[in-house]
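# build the 3D model from these lines:
(one chain, ligands or ions: 2)
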Amino acid sequence: MDKTEKLALNTLRMLGVDAINKANSGHPGIVLGAAPTIYGLYTKHLIVNPANPKWINRDRFVLSAGHGSALLYAINHLSRFNVDLADLKNFRQNGKTPGHPEYNHADGVDATTGPLGQGIANAVGMAIAEAHLAARFNKGRLKLVDHYTYALCGDGDLQEGVAQEAISLAGHLKLNKLIVLFDSNDIQLDGPTSMATSEDHKMRFAAAKWNYILVKKGTDPYAISNAINKAKKSDKPTLIEIKTIIGYGSPLANTEAVHGAPLGETNRADTAKYLGYKHEPFDVDPDVYAHYHKHVYERGLKEYEKWQSMAETYKEKHRPEFEMFERFIKEDYKLQYDDLPTYNIGESIATRQVSGELIKVLSEKYPNLIGGSADLSSSTKAKGVGGDFTKDRPEGRNINYGVREHAMAAINNGIALHGGLRVFSGGFFVFSDYMKPAIRLSAMMKLPVIYIFTHDSVMVGEDGPTHQPIEQLTMLRSIPNLTVFRPADANETVQAWKLAMENLDGPTVLVLTRQSVRNVSAFNRSFKRGAYVVSKEKGKLDGVLLASGSEVPLAIFAQKELENDNIFTRVVSMPSMEMFDKQIDKYKEELLPEDAKILAIELGSPMPWYKYTKHVYGLNDFGISAPKEVVRRELKFEVEDIVEEYKKI
Ligand SMILES: Cc1ncc(C[n+]2csc(CCOP(=O)(O)OP(=O)(O)O)c2C)c(N)n1
Ligand SMILES: [Mg+2]
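Numbers count the residues shown, from 1 in each chain. Ligands and ions are numbered 1, 2, ... in the order given. Model prediction:
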C-alpha cells in the first residue's frame, strides 16, 4: 500500500474510533479490525452511486455485524453518502447515525442490523431478488439487473441459527453473486470464541455447498480484494474468512475488552501512534477525501452512467419490458374490488383456501409478487405462481424455503429491501414465534412484506397444543407498525388481502383458518376501519358481541339465540385492531358505545381485548389434542357457551 492508501485506511479506522469516543459508547474492536476489509470492498469492488443512493442496480452491502455501525458511517462519509462530519460527531445521539445501522436514516445503509444473524439472511434475500429480476428482465448483454450482494459478518452472526438456515438455502440455490466477508477474529463479547464453539468454518460452508476462501492476513486490503475477485468467478455463494485482530493497533487488541467499550483518550493516542496516524479527531486529510472520491464515488458513478446508457438501449429495443421493470420498481399497481372474487353468504370455506385462490388472481395483477412457504404450501396454500425458484430457473415465483421459518422471514425482508418485488411467506400461525425477530425488523424498517399464517386457533384439532396458537395474536398485535388481520370469513379475507397489497408502509399479517368457516359478511366499506357492524341488532340495543376471525360466525349464531329471549345484540367484527385504533373517537364510540355491555370473543389469549371491554371470553390455557368438535366442546366455545357468558354480564 502506498502512503495515501495507508492514510486513507487509518482515517477510516480512526473516524470510527473517534466517533465512538465522542459518543462515549460503541464498538471499536470491529472498526479497527475490519477496516481493511471495508476499505478493500469499497475502494475496489462495491459499485454504488452516493448521488443516487437507491439506484436499483447498485451492489448491496449489509453490515450483518451491526455493532460495527461506526465503521459503516465512516466509510459512507468518506464515500460522500449524506453522512457528514457533524453526523459522525453526533454518533448515537438521536440523529442520522444511530447506535446500530437503521434503514432510512442516513443513505448507504441497506438494512437495519444489530440483531446478529439477521443480516446474513437479508443478504440471501437480496441475492434471491437479484437473481429473479435478472432472469425476468435481462436480455443478452443488456442487463438491467446485474449486481453483487455483500455482507460483513462476525463470529456472533455465524453462531446464530437464522444464519445457518439462510446459508443452507443460499448454497442450495447456488446464489453465486452473494459474497459474505467474515471478520474472523476469534473473539466475541465474553471472550475467545473457543469458549462456545469448535466449528470448522471451511467444512461447514463446504457442507452447505458454498465456495470458501481464506485470507490469512486481514490487514491487507489487496489480499481481501483478490479474494473477492476469486469469489466473483465462483458458481456458488462465497464465504471469505478473513483472519483479523479485534481492536487492531490498540493496547487492548485481541481481547474482548475492546469489543464494546470506547478506547478513551489514552488508548486512542497509543493506537494512533501505533498506526502512525497524526491527525486530530475528525480532521480528515484532503488527500484522503480525494482518494475515496476517486476510488468509490467516481468509480461508482462511471458504472452508473454505463448502466444508464445501457438502459436507454434496452428501453428502445424492449419498451414493454422496460416499462414493466419501471412498474416493478415503483410498485405502480392498483387494485379494484372488481378484480377480486366474491363469495356467497352462507357458503363455507376455509380462509386459507380463499387466500390460496387470491394469490393466483393477485399474481396476475402484480407480476412482481413472489413468495412461498416453509415446507407447508399444501397446507397454507401460500404458493407463488410460475413454478419454483431454483438455481436453474430463477424466474420461478414460488420459493421453497424449506423448514426454515426464521430465515424465511429474514430473507423476505432482504427481498423487500432489494426493491422491485412484493413478497409473501406462508407458515403455521403457532410457528410465527420462530419468525418474531424478523417480523419485528420488517415493522421497524416499514417493509411491505406479507405474512400468511394459517391454522389460526385451537380449531387445528388433533395436532394438539404444540400446534394450537394461544398467545401469538397478542404477540403480533403488540409489535408497533405491524398490521394484523384476522378475517372472519371468505369475503373478509378478500378485503384483508386487498389492504395488505395496498399497504406500502409496513408489513401485514393475515391470520387464516384451517377449518371451513361460514361466509357471513359482504363487502363493507367500513372493513378498512378495522371493525364494523357485521350483523345489526334487531331491536333495542342490549349489548355488543365483539369478535374476530372464526368467532364472528359463532357470535352471529349466539346473537340469533339471544334474540329468541328478546335480547338484542349487535355483532361487531374486528379483523384488525391496529386499523380500528386509528379511527376517530366518534366512529369508535358509535360502534362500541361506552355504556354498552360488550363481550369480546376470541379463541386465543384474552389480553389484547381488555382495551375495549372488561368482559373477554378467550383462552387462558393451552389447547388439547382432539378432533376440533371435541376441542370446541371441551374449551367451551359452543354457541350456548357464548350465550351463557353474555347473559352473565
Ligand atoms: C441476537 C443478538 N444477540 C446478542 C447480541 C449482543 N452482541 C452484540 S455483538 C456480540 C458479540 C459478537 O461477537 P463477534 O461477532 O465476534 O463480534 P466482535 O466481538 O468480533 O466484534 C453480542 C453478543 C446481538 N447484538 N444480537
Ligand atoms: Mg469476533
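# contact partners for the closest residue to ligand 2 within the stretch 501-649 of the chain?
In the stretch 501-649 of the chain, no residue comes nearer to ligand 2 than Pro507, which is 31.3 Å away by Cβ to the ion. Heads up, the C-betas are built off the backbone N, CA and C, glycines and all. By Cβ atoms under 8 Å, 6 or more residues apart in numbering, the contact set of Pro507 is 439, 442-443, 447-451, 481-483.
# what's the most distant pair in those residues?
Across these, no pair lies farther apart than Ile450 and Asn481, at 14.4 Å, counting by Cβ to Cβ.
# same drill for these two, tell me which one is more crowded.
Ile450 (25 against 15; other Cβ atoms under 10 Å).
# what about the residue lying closest to the more buried one once chain neighbours are set aside, distance to Ala111?
With sequence-adjacent residues excluded and distances taken as Cβ to Cβ, 6 or more residues apart in numbering, Ile450 is closest to Phe424, at 4.0 Å. Going from Phe424 to Ala111 by Cβ to Cβ, to the nearest Å gives 19 Å.
# repeat for Gly387
Counting by Cβ to Cβ - Gly387 and Ala111 are separated by 29 Å.
# which one of the two has more residues nearby?
Between Gly387 and Ala111, counted using other Cβ under 10 Å, Ala111 has the larger neighbour count: 29 against 11.
# residues contacting that one?
62-63, 101, 103, 118-119, 122, 413-414, 417, 445 are the contacts of Ala111 under Cβ under 8 Å, 6+ apart.
# let me know the closest of those residues to Phe325.
Nearest member of those to Phe325, counting by Cβ to Cβ, is Leu417, at 18.1 Å.
# next up, the contacts around that closest one.
Counted by Cβ under 8 Å, 6+ apart, Leu417 has contacts 60, 103, 110-111, 122, 125-126, 445, 447.
# show me those residues that map onto strands.
Of the positions in these, Arg60 sit in strands, assigned by DSSP state E.
# please flag which of the contacts of Leu417 sit within helices.
Cross-referencing the contacts of Leu417 against helices under DSSP state H gives 122, 125-126, 445.
# possible to save these as CSV with neighbour count and distance to ligand 1?
CSV is the format used below for the ones in helices among the contacts of Leu417 (neighbours: other Cβ atoms under 10 Å; distance: Cβ to the nearest ligand atom, whole Å):
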residue, neighbour count, distance to ligand 1
Asn122, 33, 14
Gly125, 33, 18
Met126, 32, 20
Met445, 20, 16
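# and the strands in the stretch 301-450 of the chain?
With strands called from DSSP state E, counting those that start in this stretch, the stretch 301-450 of the chain shows them at 348-350, 369-373, 398-400, 422-428, 450-454.
# partners of the fourth one in the sheet?
I take that to be strand 422-428. Strands that pair with strand 422-428, judged by DSSP bridges, come out as strand 369-373 (parallel), strand 450-454 (parallel).
# dump the ones you listed into JSON lines; add mean pLDDT and distance to ligand 1 as well.
Putting the strands paired with strand 422-428 into JSON lines (pLDDT from 0 to 100; distance: least, Cβ to the nearest ligand atom, whole Å) gives the following:
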{"stretch": "strand 369-373", "mean pLDDT": "98", "distance to ligand 1": "25"}
{"stretch": "strand 450-454", "mean pLDDT": "98", "distance to ligand 1": "21"}
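# before we move on, the earlier item: I'd like the strands of the stretch 301-450 of the chain as CSV, with distance to His132 appended.
Formatted as CSV, these follow (distance: least, Cβ to Cβ, whole Å):
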stretch, distance to His132
strand 348-350, 30
strand 369-373, 6
strand 398-400, 9
strand 422-428, 10
strand 450-454, 17
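# distance-wise, check Leu499 relative to Thr569.
Counting by Cβ to Cβ - Leu499 and Thr569 are separated by 27 Å.
# what do you get for Ala8?
Ala8 is 73 Å from Thr569, by Cβ to Cβ.
# and those two? Which one has more around it.
Neighbours were counted for Ala8 and for Thr569 using other Cβ under 10 Å; Thr569 has more, 30 against 24.
# so the more buried one: helix, strand or coil?
Under DSSP: H, G, I helix; E, B strand; the rest coil, the three-state class of Thr569 is strand.
# is it true that it touches Lys540?
No: assessed by Cβ atoms under 8 Å, Thr569 is found out of contact with Lys540, at 10.7 Å.
# residue closest to the middle of the protein?
The chain has Asn413 as the residue nearest its centroid, 2.9 Å off, counting by Cα atoms, centre = their mean.
# residues in contact with that one?
Residues near Asn413 by Cβ under 8 Å, 6+ apart: 111, 118, 121-122, 125, 438, 441-442, 445, 447, 449.
# now swap in Phe328 and tell me
Phe328 makes contacts with 133, 367-368, 420-421, as judged by Cβ under 8 Å, 6+ apart.
# and the residue of the stretch 501-649 of the chain closest to ligand 2, its phi and psi?
phi -80, psi 150 (degrees, to the nearest 10).
# where's the closest residue to it other than its chain neighbours relative to Leu482, distance?
Nearest residue to Pro507 in three dimensions, chain neighbours excluded: Ser442, at 4.2 Å (Cβ to Cβ, 6+ apart). Using Cβ to Cβ, Ser442 is found at 8 Å from Leu482.
# settle it for me: which of those two has more neighbours?
Per other Cβ under 10 Å, whichever of Ser442 and Leu482 has more neighbours is Ser442, with 28 against 19.
# kindly report the residues of the stretch 151-300 of the chain close to ligand 1.
By Cβ under 6 Å from any ligand atom, the residues of the stretch 151-300 of the chain that approach ligand 1 are 154-157, 185, 187-189, 246, 259.
# what residues does this structure have near ligand 1?
Residues of the chain lying near ligand 1 by Cβ under 6 Å from any ligand atom: 29-30, 65, 67, 114-116, 154-157, 185, 187-189, 246, 259.
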